[in-house]
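[1] Return a 3D structure for these sequence lines:
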Amino acid sequence: MFSSDQSYWFVRKVICWRAAAGIAWAVLLLPPIAAVFLVLSRFSLLHPVQTISECLSLLTSASAIFSLILMCGVVILVGFLNLEYYTVIPTIACSKIALLGHLLHPRQLVNSLAHCIMGIIVAWCCAITIGDRYEILGYPCPQSDGDGSPHLCLNEYHLILLLAGAFVGFSHSLLGVIHNMNYVSFHTVQQYKYLLVKGSLPMVVKCSATQALYSIRNYIVLYFFLGYIPKAWICGTLNLHLNSSVQPLDSIAGLLDLCLLYHLWISTSFLLFTWHITLLLFRIFVTEVYSFPVQSSFTEEAHQCLPKVLTEKQPMILKFLALQDLALLSQHSPSRRCEVLSLSQPGGHPHNWNAISKECLSLLADLTQRLVAYHDTVATNGRAKSLSAGSERKTSSDRSVTSGTEELMSPRPTLLLKTPASVFARSIVGTPRSPLTAPFTPDLDSPLTSPALRRFTAPVEQCSPWFGTVQSPHVMRRAPKLWSTSTDSQVNGSPQSSLASVPSPKQEPSKPSLLAQFLQNRKEQVYKELMLDNFLFQLPEASSQALFADSQAHIWALEGLSYLVQASFSEDQFGVVQTTLPSILSCMLVLQEAVDRHFKLPHASSKPVRSAAGMGDSTHKTLRFALRATLKTAIYRITTTFGDHLNAVQMSAEHLKRLQQFLEYKE
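    Here you go, the predicted model:
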């Protein structure tokens, strides 16, 4: 076992430095961005030369330099928050209740508060930069009384700009949770960082201007109805007065000021653009390809080699970059492929290949197990299904998938389980295996779970008519039919055959007892509550998207294995790949069958609606389609290379029959 220091060497030596480089570039880009904002906010068509000269003189003033220093501090804090909250596996809420729980999480509330404060700071800097009526919060009131005592009046233009910064910062943090803006995806086509920034810059400008427009629209409506609250609080706290001769801004006439609306929009666009460009640079720097050594001559550097790094569970960015490096070296680096297929000296064992292939197969087996558990849960409409009764009703497809996965994994438990904290979590040797289930499985211990859902997901009695029953996922749960087990037998606990419960023509059906009627009415009430919850709060396709949320790792594992197997046909001098070729093919065929079964379920095969352009990455919505295409391509890559030689591979008859379909190009 490696120490914790060795486990997190990549974060200290690589990730932190990459994040620091992204923040440094964002700080360097801040002065030209601020200069463009200054010109746009003070530009006059009637006096263009005078405007430019004023802007040049203002850029060298003490107030502008102080504002620039404050905004640099905000950019550094935004970069730190990006580093703190980023993830390579998106958090997908399968229901609106779960999404509400994410928004109200204490960690998210701290993030929202930080964005509010940063929004106020940037808005204050914008007010100082624009000047004129936005520059100060209080100004001397007109002397309307004869006492001669000076009074300060509230400058509502300055206040409305500060509140706009707070509102935009808060809404930006909420949109970040809804649209997974902390999700860091990896580019399919590798490019230089300069080209990536250059290509993404128009999108960032458009996204910032569009989001600022919608945010200002919502803010204006909110300020129209609730603007008097912050005005009264500020006046009471700072002992300011309201100038009755000035039109208040929380009115239709005050908010129809086009100059005010323009300055609000340009300031908000500047705020969002600085945050978005910082996020873009962070994504580009963090996802840059990192080349891991395949093997090392020094023992102290062994934990930094690719076979050891692939087995690490945390941090997840390290595992993803290692799988990305594996996929790239298997395609474009013959010298590193030779190191993977080499034998250890002394001993002559293929340690590198064994470690890499074992980890990739374990990832694919975990995904297969999740797919099987997902299908079993959907087939039983969310109820726990006993393996003893369910095995008697399994179809041929169920048997083939289960038998294939049992060779690679330990048996699944029979109870309804929660979603694991990490999709890569596996048990230690000698301990029970960590359960893996479908992501839509509800957390019954959560305070957000309704009592009806806890009662509904209770284990099913053996005498229940729903015990072991496999239904179509298109059909909702119904009340027991005439041929189901009688209610009396359910209450008494004595299971009877389904035919015995049907009354004969000569017998009159017995009248159910009061307890049976109460239980039946209660069951129907639970069904109605659950159906209403699903109608109001369930998000379509969310469970399928969450199931494949980490599939980028499986895509790289498939590419790495298939390309290495393809290269072994001519480069494997010692035949190390041929020893694991049956396991690789069996694992891929079992996964392909499980994926095909999944795409027959509702919402799985439908393409997601194309979302509007924004900084939120939506590539996770199409990962299941990319995985299906990559899986089929990987199998074809192996069958095309080996051809009829695969007929000599030791596999089950069903797998050989399925493999023959690929050899004949019928899949």
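
[2] any low-confidence regions in the protein?
    1-7, 143-149, 381-512, 522-540, 608-613 (pLDDT under 70).

[3] which stretches of the stretch 101-250 of the chain form strands?
    Taking DSSP state E, counting those that start in this stretch as the criterion, the stretch 101-250 of the chain carries its strands at 138-140, 152-154.

[4] Would you mind finding the most buried of these?
    Comparing the strands of the stretch 101-250 of the chain by mean neighbour count (mean count of other Cβ atoms under 10 Å), strand 152-154 ranks first with a mean of 18. In this view, the C-beta of every residue, glycine as well, is placed from N, C-alpha and C.

[5] Quick one: residues in contact with that one.
    Applying Cβ atoms under 8 Å, 6 or more residues apart in numbering, the external contacts of strand 152-154 come out as 137-141, 231, 234-235, 238-243, 246.

[6] which of those residues are buried?
    By neighbour count, with 16 or more other Cβ atoms under 10 Å, these hold Leu137, Gly138, Cys141, Lys231, Ile234, Cys235, Leu240, Asn243 as buried.

[7] so who does the second one touch?
    Neighbour list for Gly138: Leu152, Cys153, Leu154, Asn155, Leu238, Leu240 [criterion: Cβ under 8 Å, 6+ apart].

[8] so what's it bridging to?
    Leu154 (DSSP bridges).

[9] Report the separation between it and Thr60.
    Distance of Gly138 to Thr60, computed by Cβ to Cβ, to the nearest Å: 27 Å.

[10] Same check on the third one?
    In this view, Cys141 and Thr60 are 33 Å apart by Cβ to Cβ.

[11] One more: the first one?
    When Cβ to Cβ is applied, the distance between Leu137 and Thr60 equals 25 Å.

[12] re the thing from before, could I get the contacts of Gly138 as JSON lines with distance to Gln324?
    Formatted as JSON lines, those follow (distance: Cβ to Cβ, whole Å):
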{"residue": "Leu152", "distance to Gln324": "60"}
{"residue": "Cys153", "distance to Gln324": "60"}
{"residue": "Leu154", "distance to Gln324": "56"}
{"residue": "Asn155", "distance to Gln324": "54"}
{"residue": "Leu238", "distance to Gln324": "55"}
{"residue": "Leu240", "distance to Gln324": "57"}
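
[13] which one of those sits closest to Ser53?
    Using Cβ to Cβ, Asn155 is the member of the contacts of Gly138 that lies nearest Ser53, at 26.7 Å.

[14] Check whether that closest one really touches Leu137, as I assumed.
    Yes - applying Cβ atoms under 8 Å as the test, Asn155 and Leu137 come out as touching, 5.5 Å apart.

[15] Which elements pack onto the helix or strand Gln324 falls within?
    Following DSSP states H and E, one finds Gln324 within helix 316-332. For helix 316-332, the packing partners by 3 or more Cβ pairs under 8 Å, 6 or more residues apart in numbering; DSSP states H and E come out as helix 9-10, helix 306-310, helix 334-340, helix 551-571.

[16] Next, report how far that helix is displaced from the centre of its chain.
    Here helix 316-332 is found 20 Å from its chain centre; the criterion is Cα atoms, centre = their mean, to the nearest Å.

[17] Can you point out the buried residues in that helix?
    Buried-residue list, helix 316-332, by 16+ other Cβ under 10 Å: 316-330.

[18] what separates Ser208 from Leu280, distance-wise?
    Where Leu280 is concerned, Ser208 sits at a distance of 11 Å (Cβ to Cβ).

[19] packing partners for the helix ranked longest in the chain?
    If you go by DSSP state H, the chain has its longest helix at helix 193-226. Here helix 193-226 touches helix 156-178, helix 252-255, helix 258-286, going by 3+ Cβ pairs under 8 Å, 6+ apart.

[20] switch the cut-off to 10 Å
    helix 16-42, helix 156-178, helix 228-238, helix 252-255, helix 258-286 (3 or more Cβ pairs under 10 Å, 6 or more residues apart in numbering; DSSP states H and E).

[21] Same list, those, but as JSON lines with distance to Leu196 please.
    Below are the helices and strands packed on helix 193-226 laid out as JSON lines (distance: least, Cβ to Cβ, whole Å):
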{"stretch": "helix 16-42", "distance to Leu196": "12"}
{"stretch": "helix 156-178", "distance to Leu196": "21"}
{"stretch": "helix 228-238", "distance to Leu196": "41"}
{"stretch": "helix 252-255", "distance to Leu196": "40"}
{"stretch": "helix 258-286", "distance to Leu196": "5"}
